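Q: can you look at this prediction? I've put the sequence above it.
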There are 2 protein chains.
Amino acid sequence: MKTSFNVRNERNLTMLVDFYELTMGNGYFNNNVYDKIAYFDMFFRRVPDGGGYCVMAGVEQLIQYLSELKFSEDDISYLRSKNIFSEEFLTYLENFEFCCDVWAVPEGNPVFPNEPLVVVRGPIIQAQFIETMILLTINHQTLIATKANRICRAANGRSVMEFGSRRAQGYDGAIYGARASVIGGCDSTACTIADEMFNIPSSGTMAHSWVQLFPTELEAFKAWAHTYPDNCVLLVDTYNVIKSGIPNSIKTFDEVLKPRGLRPKAIRIDSGDITYLTKKCRSMLDEAGYEDCKIIVSNSLDEHIISDVLSQGAKIDSFGVGERLITAKSEPVFGGVYKLVAIEEDDLILPKIKISENEEKITNPGFKKIYRIFDKKKHMAIADLLTLNYESIDLTDSLEIFNPIYTWKKKKIKDFYVKELLVKIFDKGNLVYSPPSVMDIREFSKQECAKLWPEVLRFENPHTYYVDLSSDLWNLKQNLLHKYSSDYEE
Amino acid sequence: MKTSFNVRNERNLTMLVDFYELTMGNGYFNNNVYDKIAYFDMFFRRVPDGGGYCVMAGVEQLIQYLSELKFSEDDISYLRSKNIFSEEFLTYLENFEFCCDVWAVPEGNPVFPNEPLVVVRGPIIQAQFIETMILLTINHQTLIATKANRICRAANGRSVMEFGSRRAQGYDGAIYGARASVIGGCDSTACTIADEMFNIPSSGTMAHSWVQLFPTELEAFKAWAHTYPDNCVLLVDTYNVIKSGIPNSIKTFDEVLKPRGLRPKAIRIDSGDITYLTKKCRSMLDEAGYEDCKIIVSNSLDEHIISDVLSQGAKIDSFGVGERLITAKSEPVFGGVYKLVAIEEDDLILPKIKISENEEKITNPGFKKIYRIFDKKKHMAIADLLTLNYESIDLTDSLEIFNPIYTWKKKKIKDFYVKELLVKIFDKGNLVYSPPSVMDIREFSKQECAKLWPEVLRFENPHTYYVDLSSDLWNLKQNLLHKYSSDYEE
């Protein structure tokens, strides 16, 4: 079977880079600062769709990219033709060997605004260069995993199939979107190559064209049942669900399956009034003795429509979700950013901050880690605490955390344990992490999301999960802010 | 230089297919109807964002896919492992040779709802199989080209740079999104690999991290100006645009460029109140003698924000547009569909129709072509006319067209000429079309869009361009509708 490793080797994405990473790289070289050690954080500021958390995804593809960074001769000639890069810089690229340290939050973890999902430490020329692909990879898959997680929550235990390839934004949008959908909770995908690459279940039945090809719907259904007697799913809305699709389905089940002692799998409805039609279909199927025949619906579904039809009593066993999942239609941009947070000078870590007139855009400076704090008895997540990298947490004592803006809002935590969220994936350029399979990530994500309180899980006005700063980090940030603001006093 | 041909050969997308295309393929085989000749239309029903037209894009990538259709041994073993496909079917796939006829509207053309953008004729087993990739390819690029066209219209002659790779939905979202953006009118892209593959201009300057790396903003600016004296663009909003960014820019121009007789290229603003800041920057730069220094703005722009700041008198020469372009954020799904419109029986073309309770979802049956009708004097586009394939238009007489729903609304056209929009790209599986370069498509698109009346071009409530049916096609459709509706009469 084709593994994701084979597939990934077919294409090198080194040159998928914003041109300014290259002009800056050449600038670092020209100004002889290229090997200054820099620290970057990748993080996001807002959960899409007003949700309470995101689901981290994309680390495996980030690893693939970083493992394969290499400029071909063609790439170098192309860059030379731009007439702005020095030969020394081009030689550096020609001999490029990735040597950064990289930490990431493993895929499937619930993550929150302002915490670093990826941390990079290395020569500025390298740590800057990989910005575009870190953002592109994590932004895309985290967006889709988060949306899938919402949709699966709405389906409330019913199965959700990812159906969106044809409306995805490009081929990778379909392939890695299917991967991220499964991480977010989908059971299967219609995207065959995603199954082949990642070993996630693929599924599919028939299109309207199958029905149209035959002289009558009944002939089309019978031909299908003869071909797939063990797995017979019929699409019932080509002409008229109630007057034609369901009666012809029942006839097919009676005449083709029953004599062989077989049961039908499901019928699928792809248009029309879902609540009305599924209730009617359910009672027609039940009456004909097909209580076990499942009902699958599709047609521009999302978490809101799913919640809505279920609350109206629609009879649905399984959802096929397409365009609104694969593009995260309601909010199709995940705004992850990648910011310089420190540089090393004479072996000291010098924290850096990005100021903004928009307070929410001010960064958390320094080389940091994330502790997730769990309640010892209930194993529920209480808060995340960002600390400077040298800090550890005393588990023998109680822990006081405070809101980084309304600092008088304090919380004392007892009987807790902690987990460090960031895991090292590259050590001086060497891969030191082995990514789990997609289905294992899916299972892990289910477990970790179950550790969030229901108040964080809800769709409307979820509780804001605590992401606090340690005292050391908070003080460092305040000092830098005061220093810069006095520089630009009126 | 790396050509798009090299890049494309690095990856085979044959298995990027909805699983149901394969279950249907196996079903066609099993029922011995696999070589029945079928006709499919790819078309869309609505222009995104309430616009008046779309810009066709993606044909070159569709050609690449169709030229390279091939199942590897690994693919066949993977499919065999599913235990649902017959060995005969797998042997067919192993020896797959594409043999369909394909027509497409060339890229860059303005296109309208309900007209076929791609037409496929061939054995049903093949014509059905390619559905997923036809839709994925044309849906994605047409979506982005159409959005870019809107944004460039709003920029009203100013240059627009595509900046969105980091927020794209996957790698191909960035690469082919950049390509489609240029087709839609952008001048350049920040996506380096898109330049390398398609020979479209790439551009880029510096990030905030460049400024942060140096002890002061002034040192950062001077280092940049020394590196790029001929092409000096400074990012002025890391700390404070007015108090620091612009004064330091002017100092840099004065001290680094002026002594060498060089002029600055531009400053860039990436945050804050664009209208206020650009006016203020313009007057500070002018006062310092840098009237020729251009002002570039970025930061979550789209056609509405661009129109708005320009109408307020913002002083902007160039826009960098990112996430809202590369994801078509306001409407990120292009709803193209692929429908069976005819089959051949005993050498006769038997038209097929898909009925729906939603009238807009009813298809136009039959094997068709599109005539675009132009005014002979003004060379402006008057209407598109869908006809059956055998029909031709008599140019010596006047032509009467009518609204396909409100049939009493008629229009008599005189002094016109016509252009057939659909061009043959594959003849029995052989490529018979040579796609133009992206920059040529961009130029072509500019010319063709200029043939649309201003009423069709406007953003709000554009005039609905006529897409009418010939009398023969209209009659055919009515006959089929009446036939089916009598089948399901109450």
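A: Cool, got the structure.

Q: center of chain A, which residue is that?
A: A:T142 (2.3 Å; C-alpha atoms, centre = their mean).

Q: and the helix or strand containing that one, average pLDDT?
A: For A:T142, the element it lies in under DSSP states H and E is helix A:131-155. Helix A:131-155 carries an average pLDDT of 98.

Q: how far away is the residue nearest to the centre of chain A from chain B?
A: In this view, A:T142 and chain B are 12 Å apart by C-beta to the nearest C-beta, to the nearest Å. Just so you know, the C-beta spots here come from the backbone N, C-alpha and C atoms, and that holds for glycine as well.

Q: and if you look at A:A190?
A: Taken as C-beta to the nearest C-beta, the span from A:A190 to chain B is 4 Å.

Q: if I look at A:E344, how far off is A:F40?
A: 13 Å (C-beta to C-beta, to the nearest Å).

Q: please disregard the earlier target; I meant A:T146.
A: Using C-beta to C-beta, A:T146 is found at 23 Å from A:F40.

Q: next: A:S311.
A: Where A:F40 is concerned, A:S311 sits at a distance of 45 Å (C-beta to C-beta).

Q: more neighbours, these two?
A: A:F40 (26 against 9; other C-beta atoms under 10 Å in any protein chain shown).

Q: the more buried one in helix, strand or coil?
A: strand (DSSP: H, G, I helix; E, B strand; the rest coil).

Q: hmm, it is touching A:I343, no?
A: No: assessed by C-beta atoms under 8 Å, A:F40 is found out of contact with A:I343, at 10.3 Å.

Q: which residue is the nearest non-sequential neighbour of A:H226?
A: A:V256 (6.2 Å; C-beta to C-beta, 6 or more residues apart in numbering or on different chains).

Q: and the one you found, how far from A:L213?
A: 18 Å.

Q: compare neighbour counts for the two and give me the winner.
A: Higher neighbour count among A:V256 and A:L213: A:L213, with 23 against 19, using other C-beta under 10 Å.

Q: my read is that the more buried one contacts B:F40, right?
A: No: applying C-beta under 8 Å as the test, A:L213 and B:F40 come out as separate, 11.1 Å apart.

Q: tell me, what's touching the two both at once?
A: Here A:L213 and B:F40 have B:L340 as joint contacts, going by C-beta atoms under 8 Å, 6 or more residues apart in numbering or on different chains.

Q: ramachandran angles for A:G320?
A: Main-chain dihedrals, A:G320, degrees, to the nearest 10: phi -100, psi 120.

Q: can you pull the contacts of the closest residue to it other than its chain neighbours?
A: With sequence-adjacent residues excluded and distances taken as C-beta to C-beta, 6+ apart, A:G320 is closest to A:S298, at 3.5 Å. By C-beta under 8 Å, 6+ apart, the contact set of A:S298 is A:163, A:268-270, A:319-322.

Q: closest one of these to chain B?
A: Nearest to chain B among the contacts of A:S298: A:F163, at 7.7 Å, using C-beta to the nearest C-beta.

Q: any idea how many residues pack against the closest one?
A: Counted with other C-beta under 10 Å, A:F163 comes out at 30.

Q: surely it and A:C186 touch.
A: No: taking contacts as C-beta under 8 Å, A:F163 lies outside contact range of A:C186: 9.5 Å.

Q: which residues do those two both contact?
A: With C-beta under 8 Å, 6+ apart as the test, A:F163 and A:C186 both reach A:321, A:325.

Q: ok, now which ones touch the residue lying closest to A:K428 once chain neighbours are set aside?
A: Leaving aside its chain neighbours, A:K428 sits nearest to A:C99 (5.4 Å; criterion: C-beta to C-beta, 6+ apart). A:C99 makes contact with A:122-123, A:126, A:428-429, according to C-beta under 8 Å, 6+ apart.

Q: any idea how far A:I63 is from A:C99?
A: A:C99 is 15 Å from A:I63, by C-beta to C-beta.

Q: likewise A:M284?
A: 51 Å.

Q: and the closest residue to chain B within the stretch 201-350 of chain A, how far is that from A:P365?
A: Closest contact between the stretch 201-350 of chain A and chain B, by C-beta to the nearest C-beta, is at A:G204 (3.1 Å). As for A:G204, its distance to A:P365 is 50 Å (criterion: C-beta to C-beta).

Q: cool, and A:D302?
A: As judged by C-beta to C-beta, A:D302 and A:P365 stand 38 Å apart.

Q: and for A:N139?
A: A:N139 is 23 Å from A:P365, by C-beta to C-beta.

Q: next: A:I393.
A: From A:I393 to A:P365 the distance is 20 Å (C-beta to C-beta).

Q: neighbour-wise, which of the two wins?
A: Legend: neighbour count by other C-beta under 10 Å for A:I393 and A:P365, higher for A:P365 (24 against 15).

Q: on the three-state scheme, the more buried one is what?
A: Strictly by three-state DSSP, A:P365 counts as coil.

Q: residues contacting it?
A: Neighbours of A:P365 in contact, by C-beta under 8 Å, 6+ apart: A:341-342, A:351-353, A:476-477, A:480.

Q: tell me what A:E162 is bridged to.
A: As for beta bridges, A:E162 partners with A:T189, A:V321 under DSSP bridges.
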